[in-house]
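Enquirer: sequence and predicted structure are below.
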Amino acid sequence: MLTLTMLALGAAGQNWDDQRSALERKMNKLTGSEAMVAPSYYQDASVQLTRYSHSRIATIQTFDNRYEGTKGSPYLSEEWLKGAVMVSGVEEPQVALLNYDCLNDELLVRLADGNPAALPHENVASFLLYDEQSPDKYRYFVPITPQKGDPYFCEVLYSGRNILLVHPRKTFRKADYQRAYSPDRKYDEYLDESVYYLKSENGKDFAKLRLQKKQVLEALPLHRQALEQFAADRNLKLNTPGEVVQLLAWYDSL
């Protein structure tokens, strides 16, 4: 089980919804203009980060060349994405170009000089990415602090009577082609090992969820028969996040 220590579990969904609404309002003010691609946009983002540097925000990092010549990427996106960050204790969201390092679990911000900065988890209440590949164009993330292990961010895929999260995680696998019985893997590779979590309506904590029909339905014991029929009628295999979200949205209509 995953216990959220950042927010009281009963209030998590409402808190997340309120923060997401504030982030979307900030983003919507900008997406109708060219503000987000103007040089002043980056300068503004840099100034805002400087304001919080005493809180250990803006630890400068660089993208080194160890990531070249490999399959895949350690990052959530191949390009910087327009976004907004809700800084802990600050009412107004801060806009910036963002990316997420899925290998090291760090939110990255592009500064005016092109360098990335990593934002400490304790300083980020939530963040929003504008991604044209996403069904509703926005992707919303919250920081998670497990009882054991290091903190990380999860994307909120669905928030209703049930809550579905995904921890976008990647691992690095070295090439292996020189040994006598090697698998002839000639490239270093980043592998997607994202982890899904579900808090069901009658559950107290988030539990890991494998995207398989049997496991998804077993995790939703209430209305089990109706959910099985809904999935069968629509030929849902429940092996993708989109199909699970479709099921949860219908669940909320019951």
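Expert: Now that the structure is in, tell me what you want to look at.

Enquirer: okay, and the beta partners of the residue minimising distance to the centre of the chain?
Expert: Residue closest to the average C-alpha location in the chain (CA atoms, centre = their mean): residue 155, at 3.1 Å. With DSSP bridges as the criterion, residue 155 is bridged to residue 141, residue 166.

Enquirer: I figured it hits residue 144, correct?
Expert: No. Residue 155 is beyond contact range of residue 144, at 10.6 Å (criterion: CB atoms under 8 Å). C-beta here means a position set from N, CA and C on the backbone, and glycine is covered the same way.

Enquirer: give me the low-pLDDT residue ranges for the stretch 1-150 of the chain?
Expert: 1-14, 30-69 (pLDDT under 70).

Enquirer: where do the helices sit along it?
Expert: Read by DSSP state H, counting those that start in this stretch, the stretch 1-150 of the chain holds these helices, from start to end of the chain: 9-31, 39-51.

Enquirer: and this protein, what are its domains?
Expert: Annotated domains of the chain cover 9-209, 211-254 [automatic domain parsing].

Enquirer: point out the most buried one among those domains.
Expert: domain 9-209 (a mean of 16; mean count of other CB atoms under 10 Å).

Enquirer: just how off-centre is that domain within its chain?
Expert: Offset of domain 9-209 from its chain centre (CA atoms, centre = their mean, to the nearest Å): 5 Å.

Enquirer: same check, this time on stretch 207-218
Expert: Worked out by CA atoms, centre = their mean, stretch 207-218 lies 20 Å from the chain centre.

Enquirer: what does it rub up against?
Expert: 1-2, 164, 195-200, 219, 224, 227-228, 231, 236-241, 244, 247 (CB atoms under 8 Å, 6 or more residues apart in numbering).

Enquirer: mind running it again at 6 Å?
Expert: With contact meaning CB atoms under 6 Å, 6 or more residues apart in numbering, stretch 207-218 is reached by 1, 196, 198, 219, 227, 228, 237, 238, 239, 244.

Enquirer: and the residues you listed as TSV, adding distance to residue 188 and secondary structure?
Expert: Conversion of the contacts of stretch 207-218 to TSV gives the following (distance: CB to CB, whole Å; DSSP: H, G, I helix; E, B strand; the rest coil):
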residue	distance to residue 188	secondary structure
1	34	coil
196	26	strand
198	33	strand
219	35	coil
227	42	helix
228	43	helix
237	32	coil
238	33	coil
239	28	coil
244	32	helix
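
Enquirer: and which of these is nearest to residue 168?
Expert: residue 196 (10.4 Å; CB to CB).

Enquirer: ok, the closest one touching residue 165?
Expert: No. Look at residue 196 against residue 165 with CB atoms under 6 Å: they stay out of range, at 7.0 Å.

Enquirer: what is in contact with those two at once?
Expert: Joint contacts of residue 196 and residue 165 (CB under 6 Å, 6+ apart) do not exist.

Enquirer: could you find the closest non-adjacent residue to residue 98?
Expert: For residue 98, ignoring the flanking residues on the chain, the nearest one in space by CB to CB, 6 or more residues apart in numbering is residue 83 at 3.7 Å.

Enquirer: so what's the one you found bridging to?
Expert: residue 96, residue 129.

Enquirer: list the residues that contact it.
Expert: Residue 83 touches 98, 127, 128, 129, counting by CB under 6 Å, 6+ apart.

Enquirer: distance-wise, check the second one relative to residue 79.
Expert: Separation of residue 127 from residue 79 (CB to CB, to the nearest Å) stands at 17 Å.

Enquirer: cool, and the first one?
Expert: Between residue 98 and residue 79 the distance, using CB to CB, works out to 11 Å.
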